[in-house]
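Visitor: would you be able to build a 3D model of this:
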Amino acid sequence: MAGTTRKRNSRFGQMVRALVLAVALVAVSATMPGAGTGPVVGDNWKLLVRSVACVRGPDVLLGEIADPVGSIDQRTWEAVRNMKLWKASDRLGRPVTIDRDKLLGVLRYYMGDMVRNLVLPSQLTVQTGGTVVSGEELEAAVVAFLTLRARDLSDDFEFRNLRLPLHYFFPNDYDTLSVELDGDLRPGSNQVRLRGVSPDGRTVSTKAGSVFVDVWKAVPVAAKPLNRFERLSRENITFMRMNLAYNQEVWDGKGGPWRMTRPLGRNQPFSMAHLERVPPIEKGDVVTLVYQGKRVQLTMKAEALADADMGQQVSVRNMQSNKVIVATVVDGETVVVR
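Guide: Predicted structure coming up:
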C-alpha cells in the first residue's frame, strides 16, 4: 500500500513539473522579440519592402515600409501592417540607409520566421517625417513635363538616357516637386532641374537630371548637288525624315528667296549656314540707271558690279559709255544717281 502511494505521488510530481515547464516556456516566448506585435497570422501573404519610405514614429511599422504583393485579406493586412519594428530615428528629415543584409537581420530579429514573407530591396532608405518621391514617381513627373514641350517640336519624339536621382526626400509633408528646364526643350541633350518647393513658393532643395530627346521630322534636303550662289527653287528641294538631335541647325523651309553660300551634296539637309537671302541686286544683273538732276532725268541700262540690298550703294557700269558709277539701290531693278 505504501509503495502504491509513493508511485502516485511520483506521477503527480512529474505532472506538476511538466505544467510548470510549459508555463515557463510560454512566459519566455512572450518576452522574445516580435512577440505581442499583433494577432497571429497565417503564411498566405507576401509583402514587398520599398526602397524608400517615410515613417511617423516613434516606432517603425511594417506597413510604413512595405506593400502587399497580390491579394491579401483585410484582417491579415491589418495585423501585419501594424507590426512594430525598430525605433524610428529622432533626427527628423534626415534619411538613413540600410543595406539588404543588415535589413534582413533587423527584420528577422523583430519578426522571426515571418521575415520569409517579405521581398527585400538591395537597400532601404528611411526618413522620419517629411515625404519622399520615389524614382518611378520622379521619372513619371519628368516625362509628363517634357512630353508637353516635345509636342511643340514634333509628333514623333522619344526620351532616352533619362538620368535622375534614385529618390527625392523632402523635409516636410507639404513640400512638392517642381520640374524645370533651362530654356526651351531642344533635340539632343537637355538639363533638367528638380526643386522641392514649400507652399509659399520657397525652394527647400534642388537636384539635377538630364535627358536626351530624339525628334524625328521631315526636313528640306538637296534634291541634287547644289553649287555656291545657286538659287533655291522647288525643283532642287525635297524632304527626308531625320533625327533633329543630330541635325539641330536645319533650315525650316521658310523665308527667302535664298541662294547657296557653299556647295551641298544630294540628300544633305540645308542649314542656315548653307543659305543667304538673295539680295535685290546681284552682281551681273542688268538694272535701270536713273540720273536725277535739278532739271533733267536720264535713264539708261547698267550692269551691277556687286551685290547690294535696298538703300545700299553699289558700283554699276554704264552699258553705253562703260563708265563705272556709284548708285543707290531703290528696288530690285532700279539704281539712282543724284
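Visitor: so residue 336 versus residue 290, what's the distance?
Guide: 5 Å (CB to CB, to the nearest Å). C-beta coordinates here come from the backbone N, C-alpha and C atoms, glycine included.
Visitor: do residue 211 as well
Guide: 60 Å.
Visitor: so for those two, which sits in the more crowded spot?
Guide: residue 211 (21 against 18; other CB atoms under 10 Å).
Visitor: what sits closest to the more buried one if chain neighbours are left out?
Guide: Excluding its sequence neighbours, the residue lying closest to residue 211 (CB to CB, 6 or more residues apart in numbering) is residue 162, at 4.9 Å.
Visitor: which residues touch that neighbour?
Guide: Counting by CB atoms under 8 Å, 6 or more residues apart in numbering, residue 162 makes contact with 139, 142, 143, 209, 210, 211.
Visitor: which residues are in contact with whichever strand or helix holds the second one?
Guide: Right, the one you point to is residue 142. For residue 142, the host element (DSSP states H and E) is helix 135-150. Identification of contacts with helix 135-150 by CB under 8 Å, 6+ apart yields 51, 133, 157, 159, 162, 164-168, 177, 179, 181, 184-185, 190, 192, 194, 209, 211, 213, 215.
Visitor: after it comes which helix or strand?
Guide: With DSSP H and E, the next secondary element past helix 135-150 is strand 157-163.
Visitor: centre of the chain versus that following strand, how much separation?
Guide: Distance of strand 157-163 from its chain centroid, counting by CA atoms, centre = their mean, to the nearest Å, is 7 Å.
Visitor: helices along the chain, start to end?
Guide: Per DSSP state H, the chain carries helices over the ranges 2-31, 62-65, 74-81, 100-111, 135-150.
Visitor: and the ones you listed, which one averages the lowest pLDDT?
Guide: Within the helices of the chain, confidence is poorest for helix 2-31, with a mean of 38 (mean pLDDT).
Visitor: circling back: between the contacts of residue 162, which has the most around it?
Guide: Counting neighbours by other CB under 10 Å, residue 211 comes out on top of the contacts of residue 162 with 21 neighbours.
Visitor: residues contacting that one?
Guide: Taking CB under 8 Å, 6+ apart, one finds 142, 146, 159, 160, 161, 162, 163, 189, 190, 192 in contact with residue 211.
Visitor: tell me how many other residues crowd the second one.
Guide: The local packing count at residue 146 equals 20, with neighbours defined by other CB under 10 Å.
Visitor: now it: how far from residue 98?
Guide: Counting by CB to CB - residue 146 and residue 98 are separated by 33 Å.
Visitor: I'd say residue 99 and residue 122 touch.
Guide: Yes: here residue 99 reaches residue 122: they are 7.4 Å apart, a contact under CB atoms under 8 Å.
Visitor: name the residue in those two with the higher neighbour count.
Guide: Taking neighbours as other CB under 10 Å, residue 99 and residue 122 compare with residue 99 leading, 11 against 8.
Visitor: would you mind measuring from that one to residue 51?
Guide: With CB to CB as the criterion, residue 99 and residue 51 are 11 Å apart.
Visitor: overlap in contacts of these two?
Guide: Shared contacts of residue 99 and residue 51, counting by CB under 8 Å, 6+ apart, come down to 122, 123.
Visitor: looks like residue 94 contacts residue 129 (just checking).
Guide: No: counting by CB under 8 Å, residue 94 stays clear of residue 129, with 9.1 Å between them.
Visitor: neighbour count: these two, which is higher?
Guide: residue 129 (19 against 14).
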